[in-house]
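[1] Need a 3D model of the sequence below.
(chains A and B, ligands or ions: 2)
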Amino acid sequence: MPDTADPIPAAVAALVPRLREICGEDGVLTDASRRRVYDSDGITHHREVPGVVVLPTTAEQVAAVVGLCAETGVPFVPRGAGTGLSGGALPHPEGVLLTTSRMRRIVEVDPDNECAVVEPGVTNLDVSRAAAPYGYYYAPDPSSQQVCSVGGNVAENSGGAHCLKYGFTVNHVRGLDVVTPDGALVRLGGKASEAPGHDLIGAFIGSEGTLGVATRITVGLTRLPERTVTLLAAFTSMDAGGRAVGDIIAAGVLPSAIEMMDALAIEAAEAAVACDYPAGAAAVLIVELDGPAAEVEAELAEVTRLCAAAGSFETRTAADADERARIWKGRKSAFAAVGRISPSYIVQDGVVPRTALSEVLRRITELSEESGIRVANVFHAGDGNLHPLVLFDDAEPGAGERAEEVSGAILDLCVEHGGSITGEHGVGVDKACKMPRMYSPDDLATFDLFRRALDPEGIANPYKLLPTPRLCGERPGVRTGVHPLVESGRAEQF
Amino acid sequence: MTRQGIEGVRPGGPEDAVCGVVPARAARPRDVDGLAGLLAEAARNGWSVAVRGGGTALDWGGRPASADLLVDTGGLVRIDHDAGDLVVEVGAGTPVAELSAVLAKAGQRLSVDPVRAGGTVGGLLATGLSGPRRLLTGALRDLVIGMTVVRPDGVMARSGGRVVKNVAGYDLAKLHVGGYGTLGVIASAAFRLHPLPPALRLLELPLPSLAHAERRLTVLRASHAVPAAVELDWPVEGRSRLRVVLEGTPEGVDSRAAGLLESLAPGLPAEEVRVADRLPDDWGLLPAEGTLIRLSVPPAEAAAAAARAAELGGAVDTDVRTTGSARAGTLVTAVPPGASVAAVTVLLEGLRSHSGWTATVVRAEEHLHAAGIDLWGEVPGLAVMRAVKDAMDPGHRMAPGRFVTGAPHTPREE
Ligand SMILES: Cc1cc2nc3c(=O)[nH]c(=O)nc-3n(C[C@@H](O)[C@H](O)[C@H](O)COP(=O)(O)OP(=O)(O)OC[C@H]3O[C@@H](n4cnc5c(N)ncnc54)[C@H](O)[C@@H]3O)c2cc1C
Ligand SMILES: Cc1cc2nc3c(=O)[nH]c(=O)nc-3n(C[C@H](O)[C@H](O)[C@H](O)COP(=O)(O)OP(=O)(O)OC[C@H]3O[C@@H](n4cnc5c(N)ncnc54)[C@H](O)[C@@H]3O)c2cc1C
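    Ligands and ions are numbered 1, 2, ... in the order given. Modelled structure (predicted):
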């Protein structure tokens, strides 16, 4: 029986023959059941069936598709691996979903210039795999690195646990080919950094698909460190753990990662993976140090001393990869574990200045007590990036609403303390309506000026990033159970 | 109509000249609101605007096509330092030296190489040049986490913020770093800071030939020493040298320096190698006179580019000297004062003929401007830059003629 639901809108249907000419028969998906596969990204409560899905294989095809959209005023939405957690790749029902999954060539690894040239659909981890034989890796490491695409990383300015020391995508991209919303293929930078003129690469990174499509990316590679050590320190209070973080930073040590978990998160991880963290810990800190062996030894001694001084009752040091994995196991499984102890949860992503951590965490505890909604805290303490997990039972009347209130109040806390509404997941559709909490109407209007400079007709990923009345009022990122990528072992949630 | 914004506007004089262009009027706003009012007034009157910080780099970029108003940022002085967060927010008119002194007291720094005395934070950002010590902490643009800019229409707008991790909204600060004030006036910026490293070692070795240089740079790439700077210094005459800076703990830098020396210079007589525990006073500084050409090349070609500049300079009898970060592939060729138009043209054409290299004249002498030399060469993405300029500054009133989007002779696009 023919599938009559989700018909292709007329404006899109009119494009299909030309899209087939550009991308070939198998590069254009019109069948409703196949289009539905793409109806969301990593946040599955925003769903839209795309008008049509195209799977180009070359930059020229991307340019031709976007050019066609520009000519006809049909919107397009770029999509990488669809792991985004802010609904950035949510399709437009009357638009083209432009997926880069067939553009997965590592064009070149160039160890002499310490860089690699890749197509946008290449996964983040594949860049590091290709660089490893030469003694290099690609430093930005989102926990979704096994699956997420470098193009998606560019669009989201992704970072990972190690961005405290190594920075985000923007600090590692030297060259970018982009197809701008008028269909022009523009080559910016290359193996040399700092091209003349305005830093368009810097401004394109983090633009969430609203300024065009990245079709080729030259990323800088980082030398694999001579030595890496991981330290776990257990504390009897979050305050003591927070103090240790502040002391480490104040002492001038720059670890590659400082992660923190609270009692509820530890309990969940313990129940799920038996990570064997010190009994009685109300807070656990994981500190990773890397670099030249001589520096790492000196820093390790300093960090151990500072943790003890701040009141840690047990520390463990891991020097080889297996031992390190054992320490990281609890932290890396925390999100999935929390999914197991609570039927539903919201993952929040906000940032506070490091010095406000203790106070904000105390306020979160109060919010949790007042509302009866449990909040587990697992976060990147080194740069103040909180990922509070707001737990609730969807079956309980009103619980979802209360959880959303708590989750929203946490973001307000972040902004009140001079922080940000997102540290790594981006704005997308999910937080577009929250942008006015952080930015004034003039700030937002200026963002819009810039966007319109490249996309005067507003066809590139419309309704994302900047607030639009249509979206405001929709539900934020409620998640049920464990993320499918995490469940399948293809991604860690961090 | 409110006159509040133009309080303090005075007639311009010769002391206000920008590249020889005397502005019709000048003003020094006392704060950001004053700046916003001033620019709104300039917009109402259609005035072209030039911005002045410390005035140490006013001769960088193109010659202004006009300057109806000179905005002096000297009143925008503010240092708001969150030591515990390793973050500082600074008014654009703040002298870089003052900022560095305040940070140093707290054991911290803004990790850029020393700038010439008298420069301001706004000027530093607008010229956007990064020195050799950019390898660990990134270029200048990587250190900016937020910026407040007054747009040409007088609207004040902020992007980014005061936390290191923040992906909310477009990173518009990137467009202003190195933008020569052509998209607006920078009012303040927030930076991420780094702790002052407890110890430093500077290794200095001679580079007798290009082959030596390339071999040493290959050894450096392979090492685990993680230098903060790998600097080339390549004159036409005399000895070229390589300077490597290590920063870290006292124990760490000693053992790294020893390891590096062993692999970099086996068999080199001890008197040929210099090891110091501080940077020389002139570290990173460029000559105050003459023409400066910024080279950006794939890092593996940095030594070849420096050698090529020397060769081209030698061919036209001009004593050029190329310095900069070999590891980043960003170099500056300094051309002595008085070099002829023909000589500079030979240099530029010779350097630009290599695929993947760009050569931009950041500072040209008067006679070169007069001869209309092409300061920019090929600029990929120029059409997009122009679109951004048209949107942000529709009247093209900000620093007309000074930057690539408003260059009098149209630069070529790739
Ligand atoms: C000899 C020399 C050596 C240098 N060495 C280094 C170095 O090692 N490392 C390094 O990073 N830099 C270096 N620089 C560059 C740096 O020092 C700049 O000269 C200085 O920071 C400029 O500051 P200023 O306040 O004097 O700017 P000005 O000379 O007043 O202005 C420079 C430019 O910036 C624009 N501008 C100034 N303020 C603003 C603002 N608030 N908003 C918008 N536009 C503005 C002006 O219009 C002008 O185009 C060097 C410069 C010189 C001349
Ligand atoms: C389990 C899990 C863990 C995660 N952990 C992290 C983490 O640690 N750190 C982090 O930063 N993020 C994390 N994320 C979020 C997500 O993985 C990243 O944002 C990632 O960069 C998205 O890549 P993608 O290829 O899946 O992009 P998509 O989800 O397909 O798209 C994301 C955005 O990028 C745009 N886009 C995609 N490709 C292009 C292109 N070629 N050109 C222009 N725009 C494009 C889309 O329009 C959309 O706006 C995680 C996600 C999951 C599910």
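[2] From B:Thr56, how far out is the residue nearest the centre of chain B?
    The geometric centre of chain B, computed from its C-alpha atoms, lies nearest to B:Leu129 (CA atoms, centre = their mean), at 1.5 Å. B:Leu129 sits 12 Å away from B:Thr56, going by CB to CB, to the nearest Å. The way it works is simple: take the backbone N, C-alpha and C, and place the C-beta from them, glycine included.
[3] in a helix, that's where the residue nearest to the centre of chain B is, yeah?
    No: counting by DSSP: H, G, I helix; E, B strand; the rest coil, B:Leu129 is located in no helix; its state is coil.
[4] Roughly how far does the closest residue to ligand 2 within chain B sit from A:Ser158?
    Proximity of chain B to ligand 2 (CB to the nearest ligand atom) peaks at B:Val167, 7.6 Å away. B:Val167 sits at a distance of 8 Å from A:Ser158 (criterion: CB to CB).
[5] shared neighbours of the two, anything?
    Common neighbours of B:Val167 and A:Ser158 are listed as A:168, A:424 (criterion: CB atoms under 8 Å, 6 or more residues apart in numbering or on different chains).
[6] And whichever strand or helix holds B:Leu246, what does it pack against?
    B:Leu246 belongs to strand B:240-248 when assigned by DSSP states H and E. Under the contact criterion of 3 or more CB pairs under 8 Å, 6 or more residues apart in numbering or on different chains; DSSP states H and E, the helices and strands touching strand B:240-248 comprise helix A:293-310, strand B:199-207, helix B:210-222, strand B:229-235, helix B:250-264.
[7] could I get the ones you listed as TSV with mean pLDDT and distance to B:Ala343?
    Rendered in TSV, the data for those read as follows (pLDDT from 0 to 100; distance: least, CB to CB, whole Å):
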stretch	mean pLDDT	distance to B:Ala343
helix A:293-310	95	46
strand B:199-207	96	25
helix B:210-222	95	22
strand B:229-235	96	16
helix B:250-264	92	35
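[8] Same list, those, but as a markdown table with mean neighbour count please.
    Written out in a markdown table, the entries for those read as follows (neighbours: other CB atoms under 10 Å in any protein chain shown):
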| stretch | mean neighbour count |
| --- | --- |
| helix A:293-310 | 19 |
| strand B:199-207 | 20 |
| helix B:210-222 | 17 |
| strand B:229-235 | 23 |
| helix B:250-264 | 18 |
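[9] Determine which of those approaches ligand 1 most closely.
    Ranking the helices and strands packed on strand B:240-248 by distance to ligand 1, with CB to the nearest ligand atom as the measure, places strand B:229-235 first at 10.9 Å.
[10] coming back round to it: which ones are touching the residue nearest to the centre of chain B?
    Neighbouring residues of B:Leu129 by CB under 8 Å, 6+ apart: B:140, B:178, B:294, B:332, B:362.
[11] Low-confidence bits of the stretch 151-300 of chain B, can you list those?
    Applying pLDDT under 70 to the stretch 151-300 of chain B flags no residue at all.
[12] Check the gap between B:Glu251 and A:Ser256 for me.
    19 Å.
[13] With A:Val74 instead?
    When CB to CB is applied, the distance between A:Val74 and A:Ser256 equals 45 Å.
[14] With B:Gly178 instead?
    In this structure, B:Gly178 and A:Ser256 are separated by 29 Å, where distance is defined by CB to CB.
[15] Given the helix or strand where A:Ala233 lies, what are its sheet partners and their directions?
    In this assignment (DSSP H and E), A:Ala233 forms part of strand A:227-235. The strands that strand A:227-235 pairs with in its sheet are strand A:283-291 (antiparallel), strand A:314-318 (antiparallel) (by DSSP bridges).
[16] Pull up the residues of the stretch 51-200 of chain B that are close to ligand 1.
    Residues of the stretch 51-200 of chain B lying close to ligand 1 (CB under 6 Å from any ligand atom) are B:51-58, B:60-61, B:73, B:92, B:96, B:112-113, B:115-116, B:118-120, B:122-124, B:126-127, B:129-131, B:180-181, B:185-186.
[17] doesn't A:Arg331 make contact with A:Ala268?
    No: contact status for A:Ala268 versus A:Arg331: not in contact, 11.5 Å apart, counting by CB atoms under 8 Å.
[18] helix, strand or coil for residue 81?
    I'll assume chain A. Classification of A:Ala81 using three-state DSSP returns coil.
[19] that's the other chain; I wanted chain B
    Counting by three-state DSSP, the backbone at B:His81 sits in strand.
[20] Neighbours of it, how many?
    The number of residues packed near B:His81 is 18, by other CB atoms under 10 Å in any protein chain shown.
[21] Please apply the same query to the one 3 residues further on.
    Applying the criterion other CB under 10 Å, we find 14 residues in the vicinity of B:Gly84.
[22] Enumerate every residue touching it.
    Contact criterion CB under 8 Å, 6+ apart gives A:246, A:249-250, A:353-355 as the residues in contact with B:Gly84.
[23] List, one by one, the residues from the stretch 301-414 of chain B near chain A.
    Contact residues (CB under 8 Å from any CB of the partner chain) of the stretch 301-414 of chain B with chain A: B:328-330, B:356-358, B:360, B:376-377, B:379-385, B:387-388, B:390-392, B:403-405, B:414.
[24] switch to 6 Å and redo it
    Remark: the part of the stretch 301-414 of chain B in contact with chain A comprises B:328-330, B:356, B:358, B:360, B:376, B:379-381, B:384-385, B:387-388, B:391, B:404, using CB under 6 Å from any CB of the partner chain.
[25] Go through these and name the one nearest A:Gly82.
    Using CB to CB, the shortest approach to A:Gly82 within those belongs to B:Val384, at 27.5 Å.
[26] For that closest one, give its distance to B:Ser209.
    As it turns out, when the distance is counted by CB to CB, B:Val384 lies 42 Å from B:Ser209.
[27] the more surrounded of the two?
    With other CB under 10 Å as the criterion, B:Val384 and B:Ser209 differ in neighbour count, and B:Val384 comes out ahead with 26 against 12.
[28] Enumerate the helices of the stretch 251-400 of chain A by residue range, in sequence order.
    Per DSSP state H, counting those that start in this stretch, the stretch 251-400 of chain A carries helices over the ranges A:263-273, A:293-310, A:321-341, A:357-371, A:399-416.
[29] Lowest average pLDDT across these?
    Set side by side, these give their lowest mean pLDDT on helix A:321-341, at a mean of 87.
[30] Can you give me the buried ones in that one?
    A:324, A:327-339, A:341 (16 or more other CB atoms under 10 Å in any protein chain shown).
[31] If we check chain B, which of these are in contact?
    Intersecting those with the surroundings of chain B, defined as CB under 6 Å from any CB, gives nothing.
[32] Closest one of those residues to B:Ala65?
    Nearest to B:Ala65 among the buried residues of helix A:321-341, with distances taken as CB to CB, is A:Phe335, at 56.8 Å.
[33] Tell me what A:Asp290 is bridged to.
    Each beta-bridge partner of A:Asp290 is listed here: A:Thr228, as defined by DSSP bridges.
[34] Hmm, A:Ala257 and it touching each other?
    No: A:Asp290 lies out of contact with A:Ala257 (CB atoms under 6 Å); the separation is 9.0 Å.
[35] I'd like to know the average pLDDT value across stretch A:22-42.
    Confidence over stretch A:22-42, taken as the mean pLDDT, stands at 96.
[36] Can you tell me what sits against it?
    Contacts of stretch A:22-42 with the rest of the structure, by CB atoms under 6 Å, 6 or more residues apart in numbering or on different chains, involve A:3, A:6, A:19-20, A:46-47, A:49-50, A:52-56, A:61, A:64-65, A:82-85, A:89, A:91, A:97.
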